[in-house]
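Q: quick one, structure for this:
(one chain, ligands or ions: 1)
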Amino acid sequence: MSTFDVPPSRRGTGSLKWDKRPELQPFWVADMDFPSPPEVIEALHHRVDHGVFGYAVPHDGLVDSILAYLAKRHGASISADHLVHLGGLVPALSLAGRAFANPGDALLTCTPIYPPFLNIHRDASLELITVPHILEDDQWVFDWDSMETAVTPDTRLFLLSNPQNPLGRVFSEEEIIQLAEFCDRHDLILVSDEIHCDLILDEERTPHFTALRLPDKYAVRTITLLSPSKTYNVAGMGYAYAVIPDQRLRHRFASKRGHILAEITCLGYHCAEAAYRHGESWRRELISYLRSNRDLLTAFCREELGKVTIPDMEATYLAWLDFRPAGIPEPARFLEEEAGLFLSDGRFFGGPGHARLNFGCSRVLLEEALESIRKALGKRT
Ligand SMILES: Cc1ncc(COP(=O)(O)O)c(C=O)c1O
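A: Numbering: from 1, shown residues only. The predicted model follows:
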């Protein structure tokens, strides 16, 4: 038995995932049920024991650990002054919209996509242009022709999620270079949200190609958003960072922070350092557990859930289930009412007829949920 098999109970702990709809079993928002690596918990204890919690700055140890991690795991050599520290990735997406476009301009993204990508344009009075991903040889890919048609002279940014939430794709180096070339040709800023980049389930088969490794001619129009939050399950600590190699772009981005973003906490900074510095062996165990959950879920879905379909998942702990072939247009509602489960509603991702299932949980809980879905579908036939 693995430690991931026996997570602590989260009900009544002020958990968004578990306490929002306590009458349902939660498989929605993207956090996992597992405690963080022991080294992270220890570092937090250590910082708490200091007892003074005044305003904080990113300390040298944090910056060193980020640079070492980006070099070692992602082969990206960046310098400390390329970093902009933030309290979260969603504020960073919004900031990018406000920094790189004027009211009336447009941003482009591909659907289905993590819901804030479809909403941050409102913060800057921008137009939103969306192009659906397409299935080609059983793989979700960019629809380059439709993107060429959709992009307008007023479009200023492309928002990318890589690995893709909710499709679970890890885009290849060729795809990312083609996207960078597309952005270059249309004079777009490429915003690459790589929050899930350390949750690659089969790294040898589908390695992550970070936008940090794009050639200089593309790097000057790229901002890459990262955080240890998903991998080490520390989303509630509120820490993320942007890497922006071009000084002019970085200045525009950073200066738009204004006075509306809260300070990053000392605990957030110290947590991030410990995760990057000491979390690797825990991360490997996590990946192995998630891979088994993914395999179980994929097999169960294909063998036991009739016409419900699931793509091959290359990354994340989020699965994108298509209930339309089973004749269920509103699966989140159906699963809530018929199976007592809380999944994310595909409509918010621009994918009606789908539900996103978070399998960052114990295997037993996943098995029970799948059995409930099977029974609920069975009742209909
Ligand atoms: C692609 C993506 N970006 C950003 C976030 C959230 O980032 P944060 O909590 O740092 O705002 C998530 C959370 O699920 C995500 O999946």
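
Q: remind me which residues of this protein are low pLDDT?
A: Judged by pLDDT under 70, the chain has its weakly predicted residues at 381.

Q: could you pull out the helices in it for me?
A: Using DSSP state H, the helices of the chain run over 16-19, 38-50, 60-74, 89-100, 144-150, 173-185, 216-219, 247-255, 266-278, 280-304, 331-339, 363-380.

Q: next to the ligand, which bits of the stretch 101-250 of the chain? Give me the list.
A: Residues of the stretch 101-250 of the chain that fall close to the ligand, judged by Cβ under 6 Å from any ligand atom: 114, 161, 165, 193, 195, 227, 229, 235, 240. All C-beta atoms are positioned from the backbone trio N, CA, C, and that covers glycine.

Q: report the two of the residues you listed separated the most.
A: 161 and 235 (15.7 Å; Cβ to Cβ).

Q: neighbour-wise, which of these two wins?
A: Ranked by neighbour count (other Cβ atoms under 10 Å), residue 161 and residue 235 place residue 161 first, with 25 against 21.

Q: now the more buried one. Nearest residue, chain neighbours left out?
A: residue 193 (5.0 Å; Cβ to Cβ, 6 or more residues apart in numbering).

Q: that older thread, can you put the helices of the chain in CSV and add distance to residue 133 and mean neighbour count?
A: Formatted as CSV, the helices of the chain follow (distance: least, Cβ to Cβ, whole Å; neighbours: other Cβ atoms under 10 Å):
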stretch, distance to residue 133, mean neighbour count
helix 16-19, 26, 17
helix 38-50, 34, 14
helix 60-74, 24, 17
helix 89-100, 19, 23
helix 144-150, 10, 13
helix 173-185, 11, 17
helix 216-219, 21, 14
helix 247-255, 27, 15
helix 266-278, 30, 23
helix 280-304, 19, 16
helix 331-339, 19, 19
helix 363-380, 24, 16
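
Q: list phi and psi for residue 188.
A: When read as degrees, to the nearest 10, the backbone of residue 188 gives phi -110, psi 150.

Q: burial measure for it, as a count.
A: 23.

Q: what do you get for residue 51?
A: 6.

Q: ok, now how distant is it from residue 272?
A: According to Cβ to Cβ, to the nearest Å, residue 51 stands 21 Å off from residue 272.

Q: next one: residue 57
A: Counting by Cβ to Cβ - residue 57 and residue 272 are separated by 13 Å.

Q: residue 349 now?
A: 27 Å.

Q: tell me the domain boundaries of the protein?
A: Domain assignment of the chain by automatic domain parsing yields the ranges 3-30+280-380, 53-278.

Q: make a markdown table out of those and add distance to residue 47.
A: Formatted as a markdown table, those follow (distance: least, Cβ to Cβ, whole Å):
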| stretch | distance to residue 47 |
| --- | --- |
| domain 3-30+280-380 | 19 |
| domain 53-278 | 4 |
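
Q: for these, which one sits closest to residue 40?
A: Closest among the domains of the chain, once you apply Cβ to Cβ, is domain 53-278, at 4.5 Å.

Q: show me how far the closest one is from its chain's centre.
A: Domain 53-278 sits 10 Å away from the centroid of its parent chain (Cα atoms, centre = their mean, to the nearest Å).

Q: let's see the distance spanning it from one end to the other.
A: 23 Å (Cα to Cα, to the nearest Å).
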